[in-house]
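pasting the sequence and the predicted coordinates here, then a few questions.
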Amino acid sequence: MQLDVFLKQVSLNHALNVLIWHAAQAGIEIAALVKQGALQGTTEKTTNTNVQGETQMHLDIRSHEVVLEQLRASGVVAAVVSEEAEEHISFETVDAPFLVCVDPLDGSSNLAINGVVGSIFSILPNTGVATQGSQAFLQPGQAQRAALYVMYGPATLLVLTLGEGTHVFTLDHENDSFVLTQQTVQIPPETSEYAINASNQRYWQPAVKRYIDECLQGAEGDRGRDFNMRWCASMVMDVHRILTRGGVFLYPRDNKQPVKAGRLRLLYEANPMSLLVAQAGGESIAGLEDVLAIQPASCHQRVPVLLGSKQEIQRLREYHQQAKE
Ligand SMILES: O=P(O)(O)OC[C@H]1O[C@](O)(COP(=O)(O)O)[C@@H](O)[C@@H]1O
Ligand SMILES: [Mg+2]
Ligand SMILES: [Mg+2]
């Protein structure tokens with residue numbers, strides 16, 4: 001089943017369907033750029049830095065432009081917050097029904113090594129950006145109308161939720177269209193696989209240190225079974241693995257840069273991924289609180305993210321509670 005047919009079947013919201021179709025088009029264009037690699041100069045760094053202080057890759061900027069072109073062309077988006085722009089971008093259609101928060105290229109450090117990258121979209125209702133400005137974007141994740149990511153890997157995938165399950169589409173490159181390949185994916189509640197950047201271990205807080213230590217002790221420790229570890233340096237790829245076979249992904253708060261609450265951004269990484277995971281039976285916390293319940297304070301705010309298989313996230317929440325007591 002083609003994406004547009006699927007959307008007509010599951011959603012009566014024509015404007016939302018149009019928006020998702022245009023986001024998919026942006027994904028198809030970016031997939032073509034990714035595939036060209038060094039031939040298109042996409043693997044090169046620029047001399048620019050973004051609002052996060054990170055050096056922008058050529059493809060970060062090109063993906064940002066492609067996404068803006070498609071969202072503007074949809075006619076149903078009033079404004080956009082992008083990882084690659086400090087201020088929100090308002091379109092002429094300021095009263096259009098939706099706002100979009102986007103990470104145009106996720107995992108961009110993987111480009112130079114021909115690794116997997118992605119694009120992440122969060123779709124919010126327009127509560128009045130014309131009068132409220134960027135404040136209109138500061139809605140908790142549970143207000144999202146839809147969330148999706150496009151994964152540029154061996155195959156190009158689009159993973160989508162409209163709040164009724166999480167579904168996987170594969171790009172048919174011959175016809176440049178996404179086809180449904182997996183409906184209503186379910187994350188196994190139990191898992192023996194975790195993902196974390198272990199090079200930050202000495203900066204972790206006690207609850208995360210305890211959890212990872214126990215995983216490392218494996219069958220010889222309290223957990224009584226061995227755990228496997230993966231880290232892809234691309235949130236899209238790590239989350240996709242979890243949607244496919246379970247696991248947990250941890251990018252916790254650490255003391256490396258205490259002013260930063262975490263590495264990942266709430267509006268265009270943590271919230272959309274947390275909705276996709278929750279709609280597949282998993283959970284997502286920032287310590288004691290649910291990520292989707294966090295009231296955002298700013299557009300590029302960072303948060304700790306611990307997400308994945310339900311039983312492990314519940315254990316991590318308990319460890320945070322016990323560490324607090
Ligand atoms: O460099 P680290 O610590 O491994 O962090 C990797 C994380 O940073 C990110 O690359 C940040 O995303 P961007 O590439 O969009 O800035 C995530 O995709 C990934 O999970
Ligand atoms: Mg990212
Ligand atoms: Mg990015």
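Here it is on my side, so go on. Ligands and ions are numbered 1, 2, ... in the order given.

residues making contact with the lowest-mean-pLDDT helix or strand in the chain?
Every helix and strand in the chain was compared by mean pLDDT, DSSP states H and E; the lowest is strand 45-49, with a mean of 83. The contact list for strand 45-49 (CB atoms under 8 Å, 6 or more residues apart in numbering) reads 55-58, 61. Glycine gets a C-beta too; all of them are placed from N, C-alpha and C.

please report how far the residue of the chain most remote from its centre lies from residue 226.
Distance from the C-alpha centroid of the chain peaks at residue 220, with 34.7 Å (CA atoms, centre = their mean). The gap separating residue 220 from residue 226 is 9 Å, by CB to CB, to the nearest Å.

likewise residue 165?
The value you get for residue 165 to residue 226, if CB to CB is used, is 32 Å.

tell me the mean pLDDT for stretch 130-138?
On average, the pLDDT along stretch 130-138 is 97.

report the buried residues of that stretch.
136-138 (16 or more other CB atoms under 10 Å).

which of those residues fall in strands?
Among the buried residues of stretch 130-138, no member falls in strands (DSSP state E).

number of nearby residues for residue 249?
By the criterion of other CB atoms under 10 Å, residue 249 has 26 neighbours.

where does pLDDT dip in this structure?
Within the chain, the stretches with pLDDT under 70 are 42.

which parts of it sit against ligand 2?
103, 106 (CB under 5 Å from the ion).

what ranges does the chain have for its helices?
3-10, 14-36, 58-74, 129-132, 206-217, 235-245, 271-278, 310-324 (DSSP state H).

quick one: the second one near ligand 1?
No. Helix 14-36 lies out of reach of ligand 1 by CB under 6 Å from any ligand atom, never closer than 13.0 Å.

okay, the angle between that helix and helix 3-10?
150 degrees (axes from the mean of the first three to the mean of the last three CA atoms, to 10 degrees).

mind listing what's buried along helix 14-36?
15-20, 22-31, 33-34.

could you do the fifth one as well?
Within helix 206-217, the residues that count as buried by 16+ other CB under 10 Å are 207-212, 214-215.

same check on the third one?
By neighbour count, and taking 16+ other CB under 10 Å as the criterion, the buried residues in helix 58-74 are 58-64, 66-68, 70-71, 74.

show me what it is packed against.
helix 14-36, strand 45-49, strand 77-82, strand 98-106, strand 117-125 (3 or more CB pairs under 8 Å, 6 or more residues apart in numbering; DSSP states H and E).

okay, now the sheet partners of the last one, with direction.
Applying DSSP bridges, strand 117-125 is found paired with strand 98-106 (antiparallel), strand 146-152 (antiparallel).

one more: the third one?
According to DSSP bridges, strand 77-82 forms sheet pairs with strand 89-90 (antiparallel), strand 98-106 (parallel).

test my guess that residue 143 contacts residue 122.
No. Assessed by CB atoms under 8 Å, residue 143 is found out of contact with residue 122, at 9.8 Å.

up against ligand 1, what does the protein have?
Counting by CB under 6 Å from any ligand atom, the chain sits next to ligand 1 at 54, 83, 103, 106-109, 197, 233-235, 263.

out of the strands paired with strand 77-82, deepest packed?
Of the strands paired with strand 77-82, the one with the most neighbours on average (mean count of other CB atoms under 10 Å) is strand 98-106, at a mean of 27.

what sits against the closest residue to ligand 2 within the chain?
Per CB to the ion, residue 106 is where the chain lies closest to ligand 2, at 3.5 Å. Residue 106 makes contact with 117-120, 149, 234-236, 269, according to CB under 8 Å, 6+ apart.

what bridges to it?
residue 118.

do you know how far it is from residue 237?
Taking CB to CB, one finds residue 106 at 9 Å from residue 237.

residues contacting the closest residue to residue 148 other than its chain neighbours?
Counting by CB to CB, 6 or more residues apart in numbering, the nearest residue to residue 148 once its immediate chain neighbours are dropped is residue 160, at 4.3 Å. Counting by CB under 8 Å, 6+ apart, residue 160 makes contact with 20, 146-148, 166-167, 169, 276.
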